[in-house]
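1. this one's structure only:
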C-alpha cells in the first residue's frame with residue numbers, strides 16, 4: 001500500500017489521541033450530566049432531586065445536539081424536561097411532599113442500590129462498546145437521517161409506546177390530584 005494513501009486515510013479519521021473540540025465538549029457535557037444524575041439519586045430533598053433531573057435531561061439534549069441529532073434533542077427538551085419534570089414537580093406540590101430534608105426518602109438500601117446501579121452501568125457500557133466498537137460516526141459529512149425519516153419511523157413503529165406513556169402520565173396526574181383532594185379524615189378536629 002502506498003504510504004501517502006495510508007496517511008491520507010488516517011487524516012480523515014482522527015484517533016482517540018487527537019480529539020476534536022466537539023469530542024472534548026461531548027466528554028465534558030457527559031461528565032456534567034453524570035454528576036447531575038448522581039446528585040438526582042443521592043440528594044435527600046425531593047425538589048432538589050427533580051431540579052437535578054432537569055439538569056441531567058438538559059445535558060442529554062446537549063449531547064444529542066453535539067451528535068447532530070437536533071430533532072431528538074428538541075424532543076428531549078419538550079417531552080422530558082418540559083412535560084415529565086413539570087408533571088413530577090406538579091405531583092410533588094399536590095401531594096404536599098416535604099420541601100426540606102426528608103428522612104423518609106432513604107430506605108436504608110443505599111449499598112444494595114449502589115451495587116445494582118454499578119452493575120447496570122458496567123453492563124450497559126460493555127454492551128454499547130461491544131456493539132459499536134468498529135463504528136465511526138462522521139459528524140462533518142452529509143446528514144443521513146432527516147426529520148421526515150425520523151417521523152416516519154416514530155409514527156410507524158413507536159405510536160403505541162408513546163400513547164401508553166401519555167396514558168401513564170395522565171394517570172399519575174389524576175392520582176396526584178386525587179391524593180391532594182382527599183379528605184383529611186377528621187385530623188383537623190384533634
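-> Great, that's in hand. Keep in mind that what you see is a predicted model, and the values were worked out from it rather than measured.

2. show me where pLDDT drops low in the protein?
-> Within the chain, the set of residues satisfying pLDDT under 70 comprises 1-17, 97-107, 137-146, 182-190.

3. Please list all residues in contact with the residue most central in space within it.
-> For the chain, the residue nearest the mean C-alpha position is residue 57 (4.4 Å; Cα atoms, centre = their mean). With contacts defined as Cβ atoms under 8 Å, 6 or more residues apart in numbering, residue 57 is in contact with 76-77, 80-81, 85. Placement of C-beta: from N, CA and C, glycine included.

4. Next step: the residues you listed restricted to helices.
-> Assigned to helices by DSSP state H, the following of the contacts of residue 57 qualify: residue 85.

5. Buried ones among the contacts of residue 57?
-> When the contacts of residue 57 are checked for burial by 16 or more other Cβ atoms under 10 Å, the buried set is 76-77, 80-81, 85.

6. would you list the residues you listed in TSV and tack on distance to residue 152?
-> Putting the buried ones among the contacts of residue 57 into TSV (distance: Cβ to Cβ, whole Å) gives the following:
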residue	distance to residue 152
76	20
77	22
80	22
81	25
85	28
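
7. quick one: which of those residues is nearest residue 161?
-> Residue 161 has its nearest neighbour among those in residue 80, at 14.5 Å by Cβ to Cβ.

8. In terms of helix, strand or coil, where does residue 124 fall?
-> State at residue 124, reduced to three classes by DSSP: H, G, I helix; E, B strand; the rest coil: helix.

9. so who does it touch?
-> Neighbour list for residue 124: empty [criterion: Cβ under 8 Å, 6+ apart].

10. what's the distance between it and residue 57?
-> In this view, residue 124 and residue 57 are 18 Å apart by Cβ to Cβ, to the nearest Å.

11. Then residue 71?
-> Remark: distance between residue 71 and residue 57 (Cβ to Cβ) = 16 Å.

12. repeat for residue 130
-> Spatial separation of residue 130 from residue 57 under the definition Cβ to Cβ is 27 Å.

13. now residue 181
-> As judged by Cβ to Cβ, residue 181 and residue 57 stand 29 Å apart.

14. just residue 126 next, same as before
-> Residue 126 is 24 Å from residue 57, where distance means Cβ to Cβ.

15. for residue 38, same thing?
-> Separation of residue 38 from residue 57 (Cβ to Cβ) stands at 14 Å.

16. cool, and residue 154?
-> Between residue 154 and residue 57 the computed distance is 19 Å (Cβ to Cβ).

17. what do you get for residue 25?
-> 18 Å.

18. And the helices in this structure?
-> Taking DSSP H as the criterion, the chain carries its helices at 3-12, 21-42, 46-66, 70-75, 85-94, 110-131, 147-157, 159-181.
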